[in-house]
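Pasting a predicted model and its sequence here:
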Amino acid sequence: MMNEIKKIYLVYFSPSGSTEKIVKTVASEIKGLEVEKIDLLTSASRQKKYNFGKNDLVIFGCMTAGKLFTLSDEIFACLEANETPFIGVATFGNTYYGIALKEMLSRATKQGFKVAALGAFVARHSIDTSFAAERPDAKDIEIMKDFGRRAYEKILSGDLTLHTQPKTGWSNLELGNKVIAYREEHPDEPYALPPSYKSKEMTDACIQCGTCAKHCPTDAINIAKKTFDLEKCIGCWGCINRCPKHAIKSTSKEMADIMKSITDMPTTRLEPELLF
């Protein structure tokens, strides 16, 4: 039985902007349909309810940290579907994506979606932007476009079954595998960083333009006082990456040590993982 799609929704949580770009690239080869973007970055956007029907297509994207990034409960809670075709995208910084695709399948199915395809794609690392700095590159972009095209053709044919079940995306880094093992053992435990891992400061280069506060998913920044509420902060590093003056710096020794252990290790280029 053929499936008719009348509208595409691009739904994403993308603090630094990479996941948003990847979702749009995946959708770029699907022509002739109305497209609506739903950016779930702000707390106000996640307080709304979004309803999708059988003739809609949702292309969803979220960053990862061994599982879907923190706030995933809140993100999926605002999405309600009625057997809506779903293409899922998880982004990671050439280290690991862990149980993120497993979690995405479970959460999307629970909300009433029909998951037809899932993909894990490499993007520039959010914390150390020199890591996977050129990703996604031209090769990645072609894979994304082909992924979107194949997934859409599959949906149009009436096949809304995910035939390849997601596996855990392990790392070639010892520290990464410890994180993933913990995620596997505690899949329902919310992802959260201790406050000390999220400590940061605004330098004298800050011009108080408000870009960081505008893109903070938890309203954790007081731009007038140049301060951060580390209890609210989720450690997405969107403020650091979005700042036009590069005026926000991490001051966390713990995070610096973690990133040093990653960047000091020889790593190989990881390729996208595609499931249909």
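Nice, thanks for sending it over. Numbering: from 1, shown residues only.

Look up the pLDDT of the nearest residue in space to His246 that is not next to it in sequence for me, please.
Distances taken as C-beta to C-beta, 6 or more residues apart in numbering place Ala205 nearest to His246, at 6.7 Å, with adjacent residues excluded. Quick note: C-beta positions are derived from backbone N, CA and C, even for glycine. Reading off the per-residue confidence, Ala205 sits at a pLDDT of 97.

wait, Ala205 sits on Ala247?
Yes. The pair Ala205 / Ala247 is scored as a contact, 3.9 Å apart, by C-beta atoms under 8 Å.

Which one of those two is surrounded by more residues?
Neighbours per residue, other C-beta atoms under 10 Å: of Ala205 and Ala247, the larger number sits with Ala247, 20 against 12.

correct me, but the more buried one touches Gln208?
No. Under the criterion of C-beta under 8 Å, Ala247 lies out of contact with Gln208, with a separation of 9.4 Å.

List the contacts of the helix-or-strand element of the chain with minimal mean pLDDT.
Confidence across the helices and strands of the chain bottoms out at helix 253-263, with a mean of 86, counting by mean pLDDT, DSSP states H and E. The contact list for helix 253-263, computed with C-beta atoms under 8 Å, 6 or more residues apart in numbering, reads 95, 127-128, 130-131, 173, 175-176, 194, 196-198, 235, 250.

In strands only, show me those residues.
Assignment to strands by DSSP state E places the following of the contacts of helix 253-263 there: Ser250.

and Pro194, how far is that from Gly235?
Computed as C-beta to C-beta, to the nearest Å, the Pro194 to Gly235 distance reads 9 Å.

Just give me the neighbour total for Ser261.
The local packing of Ser261 (other C-beta under 10 Å) involves 13 other residues.

That one and Pro166: what is the separation?
According to C-beta to C-beta, Ser261 stands 27 Å off from Pro166.

ok, now Arg183?
Remark: distance between Arg183 and Pro166 (C-beta to C-beta) = 13 Å.

remind me, longest helix of this protein?
Using DSSP state H to assign secondary structure, the helix with the most residues in the chain is helix 138-156.

where along the stretch 51-200 of the chain do the strands fall?
Remark: strands assigned in the stretch 51-200 of the chain by DSSP state E, counting those that start in this stretch are 56-63, 79-81, 84-92, 113-122, 200-202.

Generate JSON lines for the ones you listed, with mean pLDDT and mean neighbour count as supplementary columns.
Formatted as JSON lines, the entries for the strands of the stretch 51-200 of the chain read as follows, by pLDDT from 0 to 100; neighbours: other C-beta atoms under 10 Å:
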{"stretch": "strand 56-63", "mean pLDDT": "98", "mean neighbour count": "25"}
{"stretch": "strand 79-81", "mean pLDDT": "98", "mean neighbour count": "20"}
{"stretch": "strand 84-92", "mean pLDDT": "98", "mean neighbour count": "28"}
{"stretch": "strand 113-122", "mean pLDDT": "98", "mean neighbour count": "25"}
{"stretch": "strand 200-202", "mean pLDDT": "97", "mean neighbour count": "17"}
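
out of those, nearest to Lys214?
Across the strands of the stretch 51-200 of the chain, Lys214 has its closest neighbour in strand 200-202 (14.8 Å, C-beta to C-beta).

What pairs with the closest one, parallel or antiparallel?
Here strand 200-202 is paired, per DSSP bridges, with strand 248-250 (antiparallel).

Report the rounded mean pLDDT for the strand it pairs with.
Rounded to a whole number, the mean pLDDT of strand 248-250 is 96.

List the buried residues for it?
Neighbour-count burial for strand 248-250, with 16 or more other C-beta atoms under 10 Å as criterion, is recorded at 248, 250.

one step back: between Pro194 and Gly235, point out the one with more neighbours.
When Pro194 and Gly235 are compared for neighbours, Gly235 comes out ahead with 25 against 11, by other C-beta under 10 Å.

That one touches Tyr191, doesn't it?
No. Counting by C-beta under 8 Å, no contact exists between Gly235 and Tyr191, whose distance comes to 9.5 Å.

Could you list the low-pLDDT ranges of the stretch 1-150 of the chain?
Counting by pLDDT under 70, the stretch 1-150 of the chain contains low-confidence residues at 1.
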